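J.: A predicted structure for the sequence below; I have some questions about it.
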Amino acid sequence: GDSVTQMEGPVTLSEEAFLTINCTYTATGYPSLFWYVQYPGEGLQLLLKATKADDKGSNKGFEATYRKETTSFHLEKGSVQVSDSAVYFCALRSGSEKLVFGKGMKLTVNP
Amino acid sequence: DSGVTQTPKHLITATGQRVTLRCSPRSGDLSVYWYQQSLDQGLQFLIQYYNGEERAKGNILERFSAQQFPDLHSELNLSSLELGDSALYFCASSVEPWGSGDTQYFGPGTRLTVL
């Protein structure tokens, strides 16, 4: 079945550091790919998405490019802030309507 | 604020009991999804409704059931509760269920603690 594998962390970075969170997927067909973020004590928020190969999703300084050849959707940000501290989930949706999530990665950014 | 509301925010109950979690989707969204988030299982899809009809089932236990009402709000019923049912339960909604790129918007969740 469909699955998502992502870095689990936890990861601690200093403010202004570069962030990469790796995400790879296995799916039949042509999935849409998503990054969701969960801030402490809150629900999941959509961070960005890409619906076809080579699409780049971007939001709040975060970017991810849908790479069909490597089945990847890595999340990057050039300079993280303390306010980016959260849990990040990679997810896919393919054919069926449900989202399939990775296990999530907790990021802590220190000033 | 996603526009999806869930009540209650927290629920503490005992083993063997039954609880009901409530979700109101975003205005205009016809599809509602329920997910369970636990430390050992991560985020797991439970069940989906579209315009009042069950559309897809995931890893939902037989002790659990859900429904979507004519006003489109949904309820998740959990019965004969066990310690392992303690988790965060999320509701999400989307406009329609068949576009894989269609975004699901999540509520803040209900934290269930079974003692």
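T.: Yep, it's here.
J.: From residue A:37, how far off is the residue lying closest to residue A:35 once chain neighbours are set aside?
T.: Once flanking residues are discounted, residue A:35 sits nearest to residue A:47: 4.4 Å by CB to CB, 6 or more residues apart in numbering or on different chains. The C-beta positions use only the backbone N, C-alpha and C, and glycine is treated the same way. From residue A:47 across to residue A:37, the span is 5 Å (CB to CB, to the nearest Å).
J.: what touches both of those two?
T.: residue A:88 (CB atoms under 8 Å, 6 or more residues apart in numbering or on different chains).
J.: just checking, what packs against the one helix or strand the residue nearest to residue A:35 maps to?
T.: For residue A:47, the element it lies in under DSSP states H and E is strand A:44-50. Strand A:44-50 is packed against strand A:32-38, strand A:56-59, strand A:62-65, strand B:105-106, with contacts defined by 3 or more CB pairs under 8 Å, 6 or more residues apart in numbering or on different chains; DSSP states H and E.
J.: Can you give me the buried ones in stretch B:22-39?
T.: B:23-26, B:29-37 (16 or more other CB atoms under 10 Å in any protein chain shown).
J.: Kindly export that stretch (C-alpha atoms) in PDB.
T.: The C-alpha trace of stretch B:22-39 is given here as PDB (Å, rounded to 0.1, in the frame of the first residue of the first chain):
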ATOM      1  CA  ARG B  22     -18.200  16.100  17.600                       C
ATOM      2  CA  CYS B  23     -16.900  17.900  14.500                       C
ATOM      3  CA  SER B  24     -18.200  20.800  12.400                       C
ATOM      4  CA  PRO B  25     -16.600  21.100   9.000                       C
ATOM      5  CA  ARG B  26     -15.700  24.300   7.300                       C
ATOM      6  CA  SER B  27     -18.600  26.100   5.700                       C
ATOM      7  CA  GLY B  28     -19.200  24.600   2.300                       C
ATOM      8  CA  ASP B  29     -17.200  21.400   2.800                       C
ATOM      9  CA  LEU B  30     -19.100  18.200   2.200                       C
ATOM     10  CA  SER B  31     -16.500  15.700   3.200                       C
ATOM     11  CA  VAL B  32     -15.400  14.900   6.700                       C
ATOM     12  CA  TYR B  33     -12.500  12.700   7.800                       C
ATOM     13  CA  TRP B  34     -11.500  11.300  11.200                       C
ATOM     14  CA  TYR B  35      -7.900  10.600  12.100                       C
ATOM     15  CA  GLN B  36      -6.300   9.200  15.300                       C
ATOM     16  CA  GLN B  37      -2.900  10.400  16.500                       C
ATOM     17  CA  SER B  38      -1.100   8.200  19.000                       C
ATOM     18  CA  LEU B  39       2.500   7.900  20.000                       C
END
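J.: can you count the residues close to residue B:112?
T.: 22 (other CB atoms under 10 Å in any protein chain shown).
J.: Hmm, it is touching residue B:85, no?
T.: Yes - using CB atoms under 8 Å, residue B:112 is in contact with residue B:85, at 6.5 Å.
J.: Need the overlap of contacts for the two.
T.: With CB under 8 Å, 6+ apart, residue B:112 and residue B:85 have common neighbours residue B:78.
J.: can you pull the contacts of residue B:72?
T.: Residue B:72 neighbours (CB under 8 Å, 6+ apart): B:24-25, B:29-30, B:32, B:51-52.
J.: if I look at it, how far off is residue A:32?
T.: 24 Å.
J.: in chain A, what spans have low per-residue confidence?
T.: A:95-97 (pLDDT under 70).
J.: Which residues of chain A lie near chain B?
T.: Residues of chain A lying close to chain B by CB under 8 Å from any CB of the partner chain are A:30-32, A:34, A:36, A:42-46, A:49, A:51, A:89, A:93-104.
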